[in-house]
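Chemist: the following comprises the amino acid sequence and a computationally predicted model.
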Amino acid sequence: MAEEAEATISSGKIDAVAFGVPFLANPDLPARFAKNAPLNAPDPTEFYIVLNLDKLRYL
């Protein structure tokens, strides 16, 4: 994932890459990319915490 993003940026096809779901599952994503560490599998049930029915917060 990181290698493909870097290669595509280097080719000039794009200027930036966003990692939405991978960041939610791996808050330390840049460190994992740097260490070539395995990534946590995304679990959508863990992305948000509902504190009450009127408010939704990111973890």
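Modeler: Received the coordinates, thanks.
Chemist: can you tell me the closest non-neighbouring residue to the spatially most central residue of the chain?
Modeler: The centroid of the chain falls nearest to Phe23 when counting by C-alpha atoms, centre = their mean (2.1 Å). Using C-beta to C-beta, 6 or more residues apart in numbering and skipping the chain neighbours, the partner closest in space to Phe23 is Leu29 (5.2 Å). Placement of C-beta: from N, CA and C, glycine included.
Chemist: for the one you found, what are its contacts?
Modeler: With contact taken as C-beta atoms under 8 Å, 6 or more residues apart in numbering, Leu29 is in contact with Phe19, Pro22, Phe23, Leu39.
Chemist: quick one: low-confidence parts of this structure?
Modeler: 49-59 (pLDDT under 70).
Chemist: in PDB, please show the C-alpha coordinates belonging to the top helix by length along it.
Modeler: Counting by DSSP state H, the longest helix found in the chain is helix 2-10. Output of helix 2-10 as PDB, limited to C-alpha atoms (Å, rounded to 0.1, in the frame of the first residue of the first chain):
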ATOM      1  CA  ALA A   2       2.700   2.500   1.000                       C
ATOM      2  CA  GLU A   3       4.900   1.500  -1.900                       C
ATOM      3  CA  GLU A   4       2.100   1.900  -4.500                       C
ATOM      4  CA  ALA A   5       1.300   5.300  -3.100                       C
ATOM      5  CA  GLU A   6       4.900   6.500  -3.100                       C
ATOM      6  CA  ALA A   7       5.400   5.200  -6.700                       C
ATOM      7  CA  THR A   8       2.300   6.900  -7.900                       C
ATOM      8  CA  ILE A   9       3.300  10.200  -6.300                       C
ATOM      9  CA  SER A  10       6.800   9.900  -7.700                       C
END
